[in-house]
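Asker: build me a model:
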Amino acid sequence: MTNPNDPARIDQNQSGHLLRNLVLFGRMLRSSGLPVTPTQMLDVVEALKYIHLRRREDFKNTLRTILVNRVEHLALFDRAFDLFWRPHQQNEVLVLELGSLHQNDDQKTEVEKLTNAGSQTEPPAPESPEPLLEPVYTYSAREVLRHKDFADLTPDELAEVKRLMKKMEWQLERRRTRRRVPAGQGAYLDLRRTFRRNLRHGGIPLKLTWRERKFKRRPLVVICDISGSMERYARVLLQFIYTISNGLDKVEAFAFSTRLTRITRQLRQKEIDVALDQVVALCQDWGGGTRIGDALKTFNYRWSRRVLTQGAIVLIISDGWDRGDIDRLKTEMERLQLNAQRLIWLNPLLGSASYEPLTRGIQAALPYIDDFLPVHNLVSLEQLGHLLEQLGERKPVRFRRVFS
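Answerer: Residues are numbered from 1 along each chain as shown. Okay, here's the model as predicted:
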């Protein structure tokens with residue numbers, strides 16, 4: 001029978017939150033004279049992922065390995081561990097008022113006794129306790145939020161996700177253009193500037209000038225599904241499109257359900273809420289059916305010559321549910337892949353471990369997709385950013401589960 005206050009169960013009930021007690025234990029060690037730092041506490045949180053928390057000795061040895069740096073502190077740590085992690089009553093809440101440990105000089109507390117027992121020399125002056133509790137909570141909450149599916153977010157979590165999205169920096173791969181620009185050292189000799197610079201020497205080319213190829217960021221085209229099957233993700237993903245539209249120079253954005261609508265101008269608004277409201281008002285087919293083939297045909301015939309220039313990258317965001325003509329979808333996907341530098345399909349359902357490409361829309365589109373990736377949480381967006389920045393160095397990601 002397991003102890004209800006064993007470290008393996010402290011994070012599973014309200015009487016002992018594991019992270020909270022770890023922070024209090026670290027502050028107790030600092031008050032006892034052990035130089036415990038915030039970095040060490042974060043290392044402890046990370047290390048606990050790789051041990052069996054129901055084994056008390058493994059838990060104790062992990063903390064001892066990370067938090068103890070000197071041999072003379074081992075006995076002090078062992079006594080502090082036994083004092084802090086001792087069994088308690090089932091309904092008892094372990095709360096240490098560390099600020100009151102040194103208020104009474106006449107009465108020695110348990111921590112002061114441990115300090116005297118652990119070292120015969122004069123103990124070091126206790127350092128001012130640092131607010132370890134809040135950084136650990138922030139780290140933990142943010143990590144959970146980064147991995148949480150967009151469809152499961154609460155209103156407060158959605159607001160936090162929007163704030164984190166605004167902080168993301170997007171950089172697209174640079175392409176080499178045909179134009180050449182002056183450079184200190186380059187592969188091409190600039191004859192005109194060389195002759196002009198050496199006129200003072202009688203035309204003798206004593207100093208050479210050079211030119212090199214100019215590099216520019218690739219344009220980005222985003223085509224987002226706003227049909228009924230994507231309703232759980234549509235508004236969050238439009239927030240993502242808004243972020244990259246305002247973070248990059250050349251971004252064209254489109255939304256589709258039963259027809260295609262250009263929303264580039266609306267997403268250039270300064271206020272995100274105003275921009276999204278204008279997009280919803282403009283897209284009269286919001287939350288309707290899905291005709292991917294018809295939408296892509298409109299894009300290929302009306303917009304591709306305008307926006308698919310200079311090696312543009314195309315992002316299609318959709319779950320693949322399609323009620324239109326499948327043969328048309330195949331034809332338009334093939335045409336779009338030929339015109340785009342890289343065709344990336346982002347599917348929010350791909351984040352599920354049990355996902356299989358069974359819908360006829362996805363099965364028709366897969367042969368023409370260069371990269372098939374999830375877009376269900378913040379981690380997937382971060383991984384997409386790394387891919388866009390290093391497209392030339394990374395091979396296409398076909399259908400396989402490479403993200404968790």
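
Asker: could I get the CA-only coordinates of the helix or strand encompassing E252 as CSV?
Answerer: Secondary structure from DSSP states H and E places E252 in strand 251-256. The C-alpha trace of strand 251-256 is given here as CSV (Å, rounded to 0.1, in the frame of the first residue of the first chain):
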residue,chain,number,x,y,z
VAL,A,251,2.5,37.5,-47.4
GLU,A,252,-0.8,36.9,-49.3
ALA,A,253,-3.7,35.3,-47.3
PHE,A,254,-6.8,33.6,-48.5
ALA,A,255,-9.7,31.9,-46.8
PHE,A,256,-12.1,29.4,-48.3
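
Asker: next structured bit after that strand?
Answerer: Later in the chain than strand 251-256, the nearest helix or strand by DSSP H and E is strand 260-262.

Asker: list the buried ones in that next one?
Answerer: 260-262 (16 or more other Cβ atoms under 10 Å). Quick note: C-beta positions are derived from backbone N, CA and C, even for glycine.

Asker: what do you get for stretch 69-81?
Answerer: Per 16+ other Cβ under 10 Å, stretch 69-81 contains these buried residues: 73, 76-77, 79-81.

Asker: picking that back up, can I get the buried residues of strand 260-262 in JSON lines including pLDDT and distance to R218?
Answerer: Output for the buried residues of strand 260-262, formatted as JSON lines (pLDDT from 0 to 100; distance: Cβ to Cβ, whole Å):
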{"residue": "L260", "pLDDT": "94", "distance to R218": "22"}
{"residue": "T261", "pLDDT": "94", "distance to R218": "24"}
{"residue": "R262", "pLDDT": "94", "distance to R218": "20"}
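
Asker: so N300 makes contact with T331?
Answerer: No: N300 is beyond contact range of T331, at 9.2 Å (criterion: Cβ atoms under 8 Å).

Asker: for the residue lying closest to K166 once chain neighbours are set aside, phi and psi?
Answerer: The shortest distance from K166 to any residue other than its chain neighbours is 6.2 Å, reached at T243 (Cβ to Cβ, 6 or more residues apart in numbering). The phi/psi pair for T243 (degrees, to the nearest 10) reads phi -60, psi -50.

Asker: and the gap between T243 and G26?
Answerer: Going from T243 to G26 by Cβ to Cβ, to the nearest Å gives 37 Å.

Asker: of those two, give the one with the bigger neighbour count.
Answerer: Remark: of T243 and G26, G26 carries more neighbours, 24 against 21, as counted by other Cβ atoms under 10 Å.

Asker: the more buried one: which element?
Answerer: For G26, the host element (DSSP H and E) is helix 18-32.

Asker: buried residues of whichever helix or strand comes after that helix, list them for me.
Answerer: Going down the chain from helix 18-32, the next helix or strand is helix 38-47, by DSSP H and E. By 16+ other Cβ under 10 Å, the buried positions in helix 38-47 come out as 40-42, 44-45.

Asker: let me have the residues you listed in a markdown table, adding distance to V375 as columns.
Answerer: Listed next are these as a markdown table, based on distance: Cβ to Cβ, whole Å:
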| residue | distance to V375 |
| --- | --- |
| Q40 | 36 |
| M41 | 33 |
| L42 | 29 |
| V44 | 33 |
| V45 | 28 |
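
Asker: so which of the residues you listed is the closest to R86?
Answerer: The shortest gap between R86 and any of the buried residues of helix 38-47 belongs to V44, at 19.3 Å (Cβ to Cβ).

Asker: measure that closest one to R259 for me?
Answerer: 55 Å.

Asker: now L19
Answerer: Remark: distance between L19 and R259 (Cβ to Cβ) = 50 Å.

Asker: more neighbours: which of the two?
Answerer: Neighbours per residue, other Cβ under 10 Å: of L19 and R259, the larger number sits with L19, 19 against 14.

Asker: wait, isn't that one in contact with L48?
Answerer: No: L19 lies out of contact with L48 (Cβ under 8 Å); the separation is 9.5 Å.

Asker: okay then, goodbye and thanks.
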